[in-house]
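S.K.: quick check, what structure comes out for this input:
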Amino acid sequence: MNQIDELIRSVGADTPAADRAEHDAIDAARRSLRAAIAAEQSGRGTRNRRRRLIALAAALVLAVVLSTAAFGVGQDIVSWLAGAKDVDAPVPTASDVVVASGEAGVPWRIVATASDQGLCLFLVIEVSGERGGSGGCGYRDIRGDLPPDLRGNPSAKCLATPTTVVPCGSLPRHWMSAPGSGWDTQGGLERTFARGLLAEGVASVELVLTDGKTVRAHVVERPDGLPLNFYWAAFPCPLRPYRGDLQECAEDDGPDIEMAIARDVNGEVLERRVPVWNGNPTGGPNGPAPPTPLSETP
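M.R.: I've put the predicted structure just below:
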């Protein structure tokens, strides 16, 4: 069995103790992951493919990827998530909150949206008039008293170990969300992005990269009054041609994120987390690192 098949199999391996709901959640996750793998294998880019597979395997609540120019949800809610055709797509309960924005080859925004599936956090870009984004929605394990459209459903299923599925709400809450493994790149972007959530009390975040360098992330406190904070960073990557005059991060080059460190105002470490994947679904700093690179043997 190659590593891709092993990755799919281990996203919620069957156990005698699993009940019917757990089996249904696991089966849905496997189907979604297989579909995502098929879509990725039909396109180009080992770097982005490997990173997305690792991210998709991180939990049973899989990332949502949309591309739509629609903006309105009713008359009072304005969200880029509007217009999604999938019946399982998140429904915004409030307008988008822009956490950060800028230009790195193409315009980009980090957007937070409360929804019926918990807080959604997306990196949204615009290329030649078309908008697209990558990110996810679901249960949020950040410390604090969060309303349902930010917290998400505590009874949703999460991986507690590579073979154990439990209600997400039974897992510990964290000072920070685990980082991606440097996978948040999109065509036309000339930087690798990292972003996540923070509990109140976190004053600074450091991202340790696989090349030994450390990047100080930006901390955004309670944007538009949301009762939680955010962190984000954008760091250079080797570039290659993308489309027309645009460039993108080159395949399998440049550093990934090895660890994120949250500190309080006095510089004391509150928590360390590493990129989550199905072999280390909680992002424990002493757990196994994601496979690098992920085998693509047929």
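
S.K.: pLDDT below threshold where in the stretch 51-200 of the chain?
M.R.: 51-75, 83-85, 181-185 (pLDDT under 70).

S.K.: what are the boundaries of the strands in it?
M.R.: With DSSP state E, counting those that start in this stretch, the ranges of strands along the stretch 51-200 of the chain come out as 64-66, 72-73, 77-78, 97-103, 107-113, 120-127, 130-136, 157-161, 164-167, 191-198.

S.K.: partner strands of the fourth one, with direction?
M.R.: Going back to what we said before, that points to strand 97-103. strand 107-113 (antiparallel) (DSSP bridges).

S.K.: coming back round to it: so which of the strands of the stretch 51-200 of the chain is the most surrounded?
M.R.: Ranked by average neighbour count under the criterion mean count of other Cβ atoms under 10 Å, the strands of the stretch 51-200 of the chain are headed by strand 191-198 at a mean of 24. Bear in mind the C-beta positions are built from the backbone N, C-alpha and C, glycine included.

S.K.: can you check what angle separates that strand from strand 120-127?
M.R.: 160 degrees (axes from the mean of the first three to the mean of the last three Cα atoms, to 10 degrees).

S.K.: residues in contact with the helix or strand just after strand 191-198: which ones?
M.R.: Moving toward the C-terminus from strand 191-198, the next helix or strand (DSSP states H and E) is strand 204-209. Outside strand 204-209, the residues that touch it by Cβ atoms under 8 Å, 6 or more residues apart in numbering are 176, 179, 182, 194, 198, 214-217, 219, 231, 233, 235, 255-263, 267.

S.K.: strand 204-209 pairs with which strands, parallel or anti?
M.R.: Here strand 204-209 has these sheet partners by DSSP bridges: strand 214-216 (antiparallel), strand 257-263 (antiparallel).

S.K.: give me the mean pLDDT for that strand.
M.R.: The predicted model assigns strand 204-209 a mean pLDDT of 96.

S.K.: list the buried ones in that strand?
M.R.: Residues of strand 204-209 classed as buried: 204-209 (neighbour count, 16 or more other Cβ atoms under 10 Å).

S.K.: nearest to Ala100 among those residues?
M.R.: Among the buried residues of strand 204-209, Val205 lies closest to Ala100 (Cβ to Cβ), at 13.5 Å.

S.K.: tell me which of the strands paired with strand 204-209 lies nearest to Gly135.
M.R.: strand 257-263 (16.0 Å).

S.K.: ok, residues contacting that closest one?
M.R.: 175-176, 178-182, 194, 196, 198, 202-210, 217, 231, 269-275, 285, 289.

S.K.: quick one on the thing from earlier: ok, and which of the strands paired with strand 204-209 has the densest surroundings?
M.R.: By mean count of other Cβ under 10 Å, the strands paired with strand 204-209 have strand 257-263 as the most buried, with a mean of 21.
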